[in-house]
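*Asks:* below are the sequence and a predicted model for it; my questions follow.
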Amino acid sequence: MTDSASIQTATISPVETPHLKGQMGPIALALTVVAFAAPLASVVGVLPLVIQFGGAGAPIAFAAAMAMLILFSVGYTAMSRYLPNPGAFYAYISAGLGQTFGLAASFMAVLGYLMIGLGITIFFGIVAGDLVTNTLHGPVLSWWIYSLLLVVAVGILGYMRIDLSAKVLSVVMVLEIGIVLIFDFIVGRQGGPEGISFASFHWGALDSSVAGICVLFAVITFLGFEATAIFREESRDPRKTIPRATYLSVCFIGIFYVLTTWLLIIAYGITQAQTVATANPTGMFTSAMVSYVGGWAGDALSILVVSSAFAAVLSCQNIIARYCHSLGIDEALPAFLGRVHPRHGSPYVASLVLSVTLAAGVIVFSGSDPNVTYAWMAGAGGFPLLFLMFLTSIAVILFFVRKRSEITDVSIWQTLVAPILAAIGLGAAVYLSATNFVALTGGDETTAVVLQIVIWSLFVSGVVLALFYKSKRPDIYAKIGRQQLC
């Protein structure tokens, strides 16, 4: 049984709840969250892995992931119309499964985004150093110097009004997506060594024995789209902007990956693509780009992979800061995290705390092998976010069941059918993530076990803290998730 029904809803006055400020529309919001998915980095680093496992049928894995996440979005966006809290997973799970699980979910969400953010920060140091040394012929510097410079840059932008970050992210997204679309256009126009083939979309093109792991990798490349709800207060007309931005993000990312995966296969030939992906996964897309577009495109790709990592970390900074801001407003964490800048309308304290945390993480791992560290961090960070998406699908169902007498302008498709289908698909993805966790985190079993302990320990600590508030500070417990309806 959920525990939220037994707790009296807290009333939060405007004085007690300082609001964030922003005027993002659907496109700006969609680009802001798509940046977290780092589409160019995914094209370079993940698409070849899916081709390696799935061969010619790899595009089907991305199509299946898109379909599953559209189903998730149906209930997610329907529920967003009734929750004023910009807490995303924190708000949804609190409203559907109760404050105890909601607080635990918020801790897990912060951990997941933080691990991915730190992993990409380290990745930025690697690719930025390579760009400066090998492409620009500059000095050789340690990777962590570039990573710390990145932390400072995104910290400054995170301190400012969200509209500035949105503009920066929009420019970066247009550039990195544009270079891939140039490749897609040229390959689609002239074909590959075996011409143009639609065999990738034939029934049975994706072997059922590898379909699960392929879809798992595909789903991970979408992560970030669900963060649209965290920017509720900074969006124009959030009841319309949040759903539109969510669907736009999922559909755009999905179509982009399906098209690019198919054309990357065409570039090498249906019969040879899997062999190339197995032999040279990290260089597969870059080699094809140089062959079809030209040498200049290889240099441009090197630059844009760096900017893609920058955009992903900036998006991550904005997302985590707003989770911590919500927790500070609700006093589940220290209240100073909920402070809003009087001029910029940003969660500046939460953002500064995060910048310090990222900088500390870079320093801690400065002596490690960055290639290994960023890989296991990015892989491990996806697991808690997948698990929270699964919990959110269940929370949507329970929320609308409890509120059926108060909310009458939604359909059974939005409140029951689509969320059930999404929960089934996401449950399978969580199972695959758990059973393939060693592979997701780089293949070291000891590291995988430690990471699982950390993830679930933080979830349990959230449950324990919530139960403490319920017993000793019921006023704080009642405020968790800010459950009043819009």
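*Replies:* Cool, got the structure.
*Asks:* wait, residue 65 touches residue 223, no?
*Replies:* No - here residue 65 lies out of contact with residue 223, judged by CB atoms under 8 Å, at a distance of 10.6 Å. Quick note: C-beta positions are derived from backbone N, CA and C, even for glycine.
*Asks:* now do the same contact list for residue 244.
*Replies:* By CB atoms under 8 Å, 6 or more residues apart in numbering, the contact list for residue 244 reads 26, 30.
*Asks:* check which residues of the helix or strand that contains it are buried.
*Replies:* Assigned by DSSP states H and E, residue 244 belongs to helix 238-268. Within helix 238-268, the residues that count as buried by 16 or more other CB atoms under 10 Å are 238, 241-254, 256-268.
*Asks:* remind me, longest helix of the protein?
*Replies:* The single longest helix within the chain, with elements called by DSSP state H, is helix 295-329.
*Asks:* does anything pack onto the next helix or strand after it? Which helices or strands?
*Replies:* The helix or strand immediately downstream of helix 295-329 is helix 348-364, counting by DSSP H and E. Applying 3 or more CB pairs under 8 Å, 6 or more residues apart in numbering; DSSP states H and E, one finds that helix 348-364 contacts helix 99-130, helix 143-159, helix 295-329.
*Asks:* which of those helices comes out lowest on mean pLDDT?
*Replies:* Among the helices and strands packed on helix 348-364, helix 295-329 carries the lowest mean pLDDT, at a mean of 89.
*Asks:* list the buried residues for that one?
*Replies:* Buried residues in helix 295-329 (16+ other CB under 10 Å): 297, 300-329.
*Asks:* residue 138: how many residues sit nearby?
*Replies:* A count of nearby residues for residue 138, using other CB atoms under 10 Å, gives 11.
*Asks:* please list all residues in contact with it.
*Replies:* Here residue 138 is in contact with residue 132 (CB under 8 Å, 6+ apart).
*Asks:* how about 10 Å then?
*Replies:* Residues near residue 138 by CB atoms under 10 Å, 6 or more residues apart in numbering: 129, 131-132.
*Asks:* how about those in a markdown table, adding neighbour count and distance to residue 155?
*Replies:* Shown next, in a markdown table, are the contacts of residue 138 (neighbours: other CB atoms under 10 Å; distance: CB to CB, whole Å):
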| residue | neighbour count | distance to residue 155 |
| --- | --- | --- |
| 129 | 22 | 20 |
| 131 | 17 | 22 |
| 132 | 16 | 21 |
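*Asks:* could these go into a markdown table alongside distance to residue 390?
*Replies:* Formatted as a markdown table, the contacts of residue 138 follow (distance: CB to CB, whole Å):
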| residue | distance to residue 390 |
| --- | --- |
| 129 | 38 |
| 131 | 38 |
| 132 | 41 |
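*Asks:* now for the lowest-mean-pLDDT helix or strand in the chain, which elements pack on it?
*Replies:* The helix or strand of the chain with the poorest confidence is helix 437-440; it has a mean of 82 (mean pLDDT, DSSP states H and E). Packing partners of helix 437-440 (3 or more CB pairs under 10 Å, 6 or more residues apart in numbering; DSSP states H and E): helix 208-220, helix 370-402, helix 418-435, helix 445-472.
*Asks:* quick one: average pLDDT of the shortest one?
*Replies:* Meaning helix 208-220. Taken as a whole, helix 208-220 has a mean pLDDT of 85.
*Asks:* let me know the angle separating it from helix 99-130.
*Replies:* For helix 208-220 against helix 99-130, the angle by axes from the mean of the first three to the mean of the last three CA atoms, to 10 degrees is 90 degrees.
*Asks:* and helix 208-220, what's buried?
*Replies:* The neighbour-count check on helix 208-220 (16+ other CB under 10 Å) flags 210-220 as buried.
*Asks:* pLDDT below threshold where in the stretch 351-486 of the chain?
*Replies:* Filtered on pLDDT under 70, the stretch 351-486 of the chain yields the residue ranges 443, 482-486.
*Asks:* the more surrounded of residue 65 and residue 223?
*Replies:* Neighbours were counted for residue 65 and for residue 223 using other CB under 10 Å; residue 65 has more, 27 against 24.
*Asks:* and the more buried one, what is it in contact with?
*Replies:* Counting by CB under 10 Å, 6+ apart, residue 65 touches 50, 214-222, 250, 253-254, 257-258, 425, 429.
*Asks:* equivalent analysis for residue 150, please.
*Replies:* Shown in contact with residue 150 (CB under 10 Å, 6+ apart): 120-122, 124-125, 128, 306, 309-310, 313-314, 358-359, 362.
*Asks:* and residue 410, how many residues sit next to it?
*Replies:* For residue 410, the neighbour count with other CB under 10 Å is 17.
*Asks:* what's the spacing between stretch 167-184 and its chain's center?
*Replies:* Here stretch 167-184 shows a centroid-to-chain-centroid distance of 18 Å under the convention CA atoms, centre = their mean, to the nearest Å.
*Asks:* I meant stretch 430-442, not that one.
*Replies:* 17 Å.
*Asks:* low-confidence regions, the stretch 1-150 of the chain specifically.
*Replies:* Residue ranges of the stretch 1-150 of the chain with pLDDT under 70: 1-19, 86-87.
*Asks:* which residues in it form helices?
*Replies:* Assigned by DSSP state H, counting those that start in this stretch, the stretch 1-150 of the chain shows helices spanning 26-37, 39-45, 47-54, 58-80, 89-97, 99-130, 143-159.
*Asks:* dump those to TSV, plus distance to residue 347.
*Replies:* Output for the helices of the stretch 1-150 of the chain, formatted as TSV (distance: least, CB to CB, whole Å):
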stretch	distance to residue 347
helix 26-37	15
helix 39-45	26
helix 47-54	34
helix 58-80	19
helix 89-97	14
helix 99-130	13
helix 143-159	8
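*Asks:* to residue 367, which of those lies closest?
*Replies:* helix 143-159 (8.9 Å; CB to CB).
*Asks:* need the overlap of contacts for residue 65 and residue 223.
*Replies:* Taking CB under 10 Å, 6+ apart as the contact rule, residue 65 and residue 223 both touch residue 253.
*Asks:* run a quick neighbour tally on the nearest residue to residue 194 once chain neighbours are set aside.
*Replies:* Closest residue to residue 194 apart from its sequence neighbours, by CB to CB, 6 or more residues apart in numbering: residue 269 at 4.0 Å. Residues within reach of residue 269, counting by other CB under 10 Å, total 17.
*Asks:* that's all I had, so thanks and see you.
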